[in-house]
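**Student:** model the structure of this input:
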Amino acid sequence: MQWCLVKSLTLLVVACCWSLGAHAYIVNASEYQWLEDHPKVKVAVVAERLPLEFSDPQGQAQGYAVDMLAQLASQTHLVFDYHVFSSISSAVLALQQGQVDMLSSAPRHHRLSPFVHYTQATELQTLVAYQNLNHARFSSVEQLSGQKVAVVMGSSAHEIVAKQFPNLSLQPFTRLFDAMQALAQQQVVAIVAGNDEVAAQLRAMPQWHMQQAFQFEQDLEHRFAVRDDWPMLVSLLNRGLNSLEPNFSQQSYHRWQSIVATTQPSNTVSYWWGLGLLLLFIVIGTGFLFIQQKFHRLKYKATLLREQLDYWKNHDEVTGLPNRRHMTRLIADWLDDALPMSVLMFDFPRQNEVFENFGQHLGEVTREAYAKRVQKSLRRHYPEAQLGYWYHHYFVVAIPTVNRDKEVIAIAKQIIQSCRGWLRLEQLQLLTRCHVGYSCFHPSRDAIHSDALLANAFTALNHAVKDGSSICRYHPDFSQASLVKLTLESKLRKAIANDELELFYQPQYCLLSNQVIGAEVLLRWFTDGGAISPDEFVPVAEETGLVLQLDKWVFENAMRFMARYASQLAKDFKLSVNFSAATVSLGHAEKIAISYAQQWQVNPQRICIEITESAMMEQPDEAKASIQRMRDAGFGIAIDDFGTGYSSMAYLKHLPVTLLKIDRAFVSGLEDNLSDQHIVKAMVMVARSMKFQVLIEGIETQNQANIASVMGCEQAQGFFFARPQAEVDFVQHYLPKPHVKEPLRLVGS
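**Tutor:** Residues are numbered from 1 along each chain as shown. Reported below is the predicted structural model:
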């Protein structure tokens with residue numbers, strides 16, 4: 001109890017002293033908005049990590065990291081809500097699952113890094129190895145090779161040792177106390193952890209006779225880890241850390257080291273009480289004089305600050321233009337007054353290139369210069385027009401009393417003219433361009449909200465970009481098409497989740513033996529309203545990111561089919577499964593194929609993965625590496641729709657391809673078109689020169705099959721042989737019946 005009183009009083013006095021010395025910095029508009037939207041930040045604190053963080057006997061979060069956050073909170077107006085966890089692993093898991101927003105003392109390791117952004121380092125801690133006193137002292141990590149070494153699960157020390165010293169036999173423990181207890185009981189020969197954390201435990205447990213063996217070259221950095229979708233919080237924390245008083249971090253760290261070192265009751269409580277009260281009176285007296293002298297000045301500054309914050313809330317900090325909030329309110333006021341108007345949106349599509357290649361500073365300078373060029377032109381020709389910054393690389397123009405297409409198109413042309421040309425900034429010379437979409441309001445026939453009017457202009461701009469046109473007027477059909485797309489996306493998500501899709505199988509034949517040698521998996525979607533063509537839902541899946549889930553569903557169910565009918569399938573039967581271009585180029589195809597084949601115990605040599613030419617050429621290096629890994633795992637690789645894409649022979653010869661599929665586009669004229677015959681023959685010769693097998697698609701007549709066979713095609717599929725069939729029909733028609741053992745019959749003697 002005495003220790004708690006001493007500690008609390010000391011914290012109170014020091015906090016009062018810091019409150020006078022600390023100086024809060026002014027947040028910008030976007031940060032102020034973020035603070036309004038996120039009034040409280042949930043912070044994970046580990047219960048036993050002295051001196052970085054710990055939980056006192058009353059369950060309150062304490063330690064160096066908590067002190068730092070308290071100081072940052074006083075500067076940035078952040079409010080932190082602390083949640084105590086028993087171990088590092090449980091705190092990391094809570095952050096990954098969204099139970100908390102940040103870690104007060106973050107380990108750096110591969111399991112955490114994809115989910116967080118780190119702040120800058122505030123303090124360093126030496127990484128050391130400790131051992132028992134009664135053992136010969138280790139002098140290097142090599143001497144620990146093959147030995148059992150304790151580490152704290154999920155800590156930075158665990159990550160460093162596991163990655164850089166794989167020869168060690170690591171024994172992970174949930175808490176540092178457990179790891180050190182294992183060392184004291186000689187279950188391990190050493191423990192690797194931060195020196196200050198180990199020292200704090202040893203001061204509390206002197207009966208553990210341990211000594212420092214050696215230090216590692218790596219240091220452990222104290223950082224805060226914030227959820228990856230809150231970069232604004234990272235910016236606030238970093239700015240706060242940079243504005244701290246010199247040596248504040250080091251003084252705070254040493255102070256917590258001294259507090260945790262005091263483990264016995266002290267007889268100097270009265271001394272600390274007296275000193276604390278004296279300091280408290282000094283602080284209060286100084287603060288009273290300071291407030292009395294500066295009251296009027298602070299009041300004046302507060303007024304200026306409110307005006308500045310109001311300006312920042314309604315204007316873009318880079319261009320100085322009215323922002324989305326201000327423009328929405330302005331248009332709403334005009335609508336309330338029943339003013340005819342037009343809203344135009346235009347883009348600066350090259351802003352992404354500038355940011356990616358030249359950095360944020362030049363990107364913002366370029367955006368500002370672009371906005372000034374358009375603003376100057378509008379003020380000269382259309383002074384009543386209001387230009388605003390929307391977001392990202394989009395701008396909006398609102399013009400009252402103008403709603404005729406001819407007049408609006410003239411304004412749009414003026415915007416395009418002012419945007420077109422060279423933009424020269426520092427070392428950058430940029431050829432700029434833009435597209436314009438617009439929507440008009442007629443008070444006599446329209447009833448619309450400001451958000452809807454702006455959304456219509458944005459929809460028109462997207463259509464202009466998609467169609468490659470300079471100017472596009474909004475049409476209600478645009479919204480209807482978007483609604484159909486959103487509805488289809490929602491239904492498709494539900495269909496994938498509820499297994500409402502179905503796989504069909506189209507047999508593949510050997511042209512020499514006229515026998516079924518495999519089948520291609522085709523995806524079908526049947527609803528109460530009828531079948532939905534893949535030509536409709538696959539593009540939606542690709543645009544919305546559902547294509548990865550779709551590929552997973554198809555491949556898993558294809559492997560389930562192979563496992564279910566393994567005993568009935570011929571030894572040389574191969575199943576062909578398609579992967580989308582996005583799944584291949586992003587490296588997901590190999591993970592899906594290998595994991596599901598292992599899960600269903602399917603031999604990869606019985607699976608042929610079909611990949612389009614476009615998938616290979618979108619990210620050629622990544623696609624080549626991914627395809628090679630699938631081929632190394634045993635899967636066959638087929639180039640689908642060969643001849644319709646744009647792959648080069650020089651590139652294809654380096655790919656581990658086993659089969660070329662000639663597209664059906666060359667089959668329709670195969671009987672009477674010499675050009676198609678020459679093209680098919682040339683593709684077969686190319687395939688044979690590269691030692692690829694050839695399968696021709698879309699065979700619909702006997703004559704086409706004969707010509708394809710004469711030209712050297714080994715395999716074929718098409719309606720002439722069989723249409724795609726549901727699983728039940730395919731099994732019934734093309735797979736032999738499973739062998740059923742006859743029941744045993746008793747034979748009389």
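
**Student:** which stretches of the stretch 551-700 of the chain form helices?
**Tutor:** 581-585, 588-599, 613-618, 620-632, 649-652, 674-689 (DSSP state H, counting those that start in this stretch).

**Student:** just name the most buried of those.
**Tutor:** helix 581-585 (a mean of 22; mean count of other CB atoms under 10 Å). C-beta here means a position set from N, CA and C on the backbone, and glycine is covered the same way.

**Student:** show me what it is packed against.
**Tutor:** Here helix 581-585 touches helix 547-564, helix 613-618, helix 620-632, going by 3 or more CB pairs under 8 Å, 6 or more residues apart in numbering; DSSP states H and E.

**Student:** just the CA trace of that helix, in CSV.
**Tutor:** Extracted C-alpha coordinates of helix 581-585, given in CSV (Å, rounded to 0.1, in the frame of the first residue of the first chain):
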residue,chain,number,x,y,z
ALA,A,581,-5.6,-13.7,-64.4
ALA,A,582,-5.8,-11.8,-61.1
THR,A,583,-5.4,-14.9,-59.0
VAL,A,584,-2.3,-16.0,-61.0
SER,A,585,-0.6,-12.6,-61.2
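
**Student:** next one: that helix to chain centre, how far?
**Tutor:** Its chain's C-alpha centre lies 17 Å from the corresponding centre of helix 581-585 when counted by CA atoms, centre = their mean, to the nearest Å.

**Student:** for that helix, give the mean pLDDT please.
**Tutor:** Mean pLDDT, helix 581-585: 82.

**Student:** so how far is stretch 36-56 off the chain centroid?
**Tutor:** 25 Å.

**Student:** mind listing what's buried along that stretch?
**Tutor:** Residues 41-55 are the ones in stretch 36-56 that count as buried (16 or more other CB atoms under 10 Å).

**Student:** rewinding a little: would you format the helices and strands packed on helix 581-585 as a markdown table with distance to D178 included?
**Tutor:** Formatted as a markdown table, the helices and strands packed on helix 581-585 follow (distance: least, CB to CB, whole Å):
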| stretch | distance to D178 |
| --- | --- |
| helix 547-564 | 39 |
| helix 613-618 | 50 |
| helix 620-632 | 40 |
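
**Student:** could you point out the longest helix in the chain?
**Tutor:** Counting by DSSP state H, the longest helix found in the chain is helix 269-314.

**Student:** mind giving me the domain split of this protein?
**Tutor:** Domain assignment of the chain by automatic domain parsing yields the ranges 1-122+223-277, 124-222, 324-474, 501-734.

**Student:** between the ones you listed, which gets nearest to V318?
**Tutor:** Among those, the nearest to V318 by CB to CB is domain 324-474 (4.7 Å).

**Student:** what's the offset of that closest one from the middle of its chain?
**Tutor:** On CA atoms, centre = their mean, the centre of domain 324-474 falls 30 Å from the chain's centre.

**Student:** hang on, the earlier thing: ok, the buried residues of stretch 36-56 vs K294, which is closest?
**Tutor:** Nearest to K294 out of the buried residues of stretch 36-56 is V41 (CB to CB; 30.4 Å).

**Student:** quick one: strands adjacent to the helix or strand hosting A193?
**Tutor:** Here A193, judged by DSSP states H and E, is contained in strand 190-194. The strands beside strand 190-194 in its sheet (DSSP bridges) come out as strand 123-132 (antiparallel), strand 148-152 (parallel).

**Student:** average pLDDT for it?
**Tutor:** Averaging pLDDT along strand 190-194 gives 94.

**Student:** centre of the chain versus that strand, how much separation?
**Tutor:** Its chain's C-alpha centre and that of strand 190-194 lie 33 Å apart, by CA atoms, centre = their mean.

**Student:** what does it rub up against?
**Tutor:** Here strand 190-194 makes contact (CB atoms under 8 Å, 6 or more residues apart in numbering) with 125-131, 138, 144, 147, 149-152, 155, 157, 161, 176, 179-180, 182-183, 198, 213, 216, 220.

**Student:** ok so, going back, dump the domains of the chain into JSON lines; add distance to N314 as well.
**Tutor:** Below are those laid out as JSON lines (distance: least, CB to CB, whole Å):
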{"stretch": "domain 1-122+223-277", "distance to N314": "8"}
{"stretch": "domain 124-222", "distance to N314": "39"}
{"stretch": "domain 324-474", "distance to N314": "4"}
{"stretch": "domain 501-734", "distance to N314": "34"}
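
**Student:** where does the stretch 451-600 of the chain dip in pLDDT?
**Tutor:** 478-484 (pLDDT under 70).

**Student:** that should have said the stretch 301-450 of the chain, apologies.
**Tutor:** Ranges of the stretch 301-450 of the chain meeting pLDDT under 70: 356-357, 425-428.

**Student:** which residues in it form strands?
**Tutor:** With strands called from DSSP state E, counting those that start in this stretch, the stretch 301-450 of the chain shows them at 341-347, 386-391, 394-400, 421-425, 428-432, 436-441.

**Student:** and of these, who's closest to T366?
**Tutor:** Among the strands of the stretch 301-450 of the chain, the nearest to T366 by CB to CB is strand 421-425 (5.7 Å).

**Student:** what's the angle between that closest one and strand 428-432?
**Tutor:** 150 degrees (axes from the mean of the first three to the mean of the last three CA atoms, to 10 degrees).

**Student:** partners of strand 421-425 in the sheet?
**Tutor:** For strand 421-425, using DSSP bridges, the partner strands are strand 428-432 (antiparallel).

**Student:** on the three-state scheme, L488 is what?
**Tutor:** Here L488 is recorded as helix under DSSP: H, G, I helix; E, B strand; the rest coil.

**Student:** against E536, how distant is it?
**Tutor:** Using CB to CB, to the nearest Å, L488 is found at 7 Å from E536.
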